[in-house]
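Trainee: Return atomic coordinates for the entry below.
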Amino acid sequence: MTSEYLFNQIKSIHRLVLNNFEYNADQKTFNVRGTLPENTYDGTQYLVGDCEDFALACRKLCRDAEILHGQMVMCIDCGGSMHCVFEVGGWILDCRQAQVMARDDLAYDWVAVRQFSGGGKWTAL
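Mentor: Numbering: from 1, shown residues only. The predicted structure is shown next:
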């Protein structure tokens, strides 16, 4: 898989999820954190959730596309609040961004990571 092909795949995944996503904090709507998308989720279904739900949806579609080296990343954004994104090869899929961004181009303070198959454990950076 070439880096250009990978980048085009993650751009398509980001755009698909973002176009069918409405941000709404879990605590207000579902009183839970980070809801895994259904097995039948393919990005075309309308998704309401927070940044972690968006990242989990991107992770699901990356797995479906056999992009197996992504990771969930927790950061503190420039406003001081916690935020979750999905990273693939230094590229960030973020519900706050209209396009895929390079990790170094975001003004986030990266604080923790959860590997693609890490059993759900966050590791401090």
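
Trainee: Surely residue 24 touches residue 53?
Mentor: No. With contacts counted by Cβ atoms under 8 Å, residue 24 stays clear of residue 53, the gap being 9.1 Å. In short, each C-beta sits where N, CA and C put it, glycine included.

Trainee: Now tell me which helix or strand of this protein has the poorest mean pLDDT.
Mentor: helix 26-29 (a mean of 54; mean pLDDT, DSSP states H and E).

Trainee: helix or strand right after that one?
Mentor: strand 47-49 (DSSP states H and E).

Trainee: Report the buried residues of the following helix or strand past that following strand.
Mentor: Proceeding N to C from strand 47-49, the next assigned helix or strand is helix 51-64, under DSSP H and E. Residues 51-62 are the ones in helix 51-64 that count as buried (16 or more other Cβ atoms under 10 Å).

Trainee: got it, and stretch 75-93?
Mentor: Buried-residue list, stretch 75-93, by 16+ other Cβ under 10 Å: 75, 77, 83-88, 91-93.

Trainee: excluding its backbone neighbours, what's nearest the spatially most central residue of the chain?
Mentor: Nearest to the geometric centre of the chain sits residue 55, at 2.2 Å (Cα atoms, centre = their mean). In this structure, residue 55 finds its nearest non-sequential neighbour in residue 86, 4.1 Å apart by Cβ to Cβ, 6 or more residues apart in numbering.

Trainee: Using the three-state scheme, assign the one you found.
Mentor: Classification of residue 86 using DSSP: H, G, I helix; E, B strand; the rest coil returns strand.

Trainee: can I get the CA coordinates of stretch 49-68 in PDB?
Mentor: Extracted in PDB, the C-alpha atoms of stretch 49-68 (Å, rounded to 0.1, in the frame of the first residue of the first chain):
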ATOM      1  CA  GLY A  49     -21.900  11.600  19.400                       C
ATOM      2  CA  ASP A  50     -18.800  13.200  20.700                       C
ATOM      3  CA  CYS A  51     -15.200  13.200  19.500                       C
ATOM      4  CA  GLU A  52     -14.500   9.700  20.800                       C
ATOM      5  CA  ASP A  53     -17.600   8.300  18.900                       C
ATOM      6  CA  PHE A  54     -16.200  10.000  15.800                       C
ATOM      7  CA  ALA A  55     -12.800   8.500  16.300                       C
ATOM      8  CA  LEU A  56     -14.300   5.000  16.900                       C
ATOM      9  CA  ALA A  57     -16.300   5.300  13.700                       C
ATOM     10  CA  CYS A  58     -13.100   6.200  11.800                       C
ATOM     11  CA  ARG A  59     -11.400   3.300  13.400                       C
ATOM     12  CA  LYS A  60     -14.200   0.900  12.400                       C
ATOM     13  CA  LEU A  61     -14.000   2.000   8.700                       C
ATOM     14  CA  CYS A  62     -10.200   1.900   8.800                       C
ATOM     15  CA  ARG A  63     -10.400  -1.700  10.000                       C
ATOM     16  CA  ASP A  64     -12.900  -2.500   7.300                       C
ATOM     17  CA  ALA A  65     -10.500  -1.100   4.700                       C
ATOM     18  CA  GLU A  66      -7.700  -3.200   6.300                       C
ATOM     19  CA  ILE A  67      -5.800  -0.200   7.500                       C
ATOM     20  CA  LEU A  68      -4.600  -1.900  10.600                       C
END
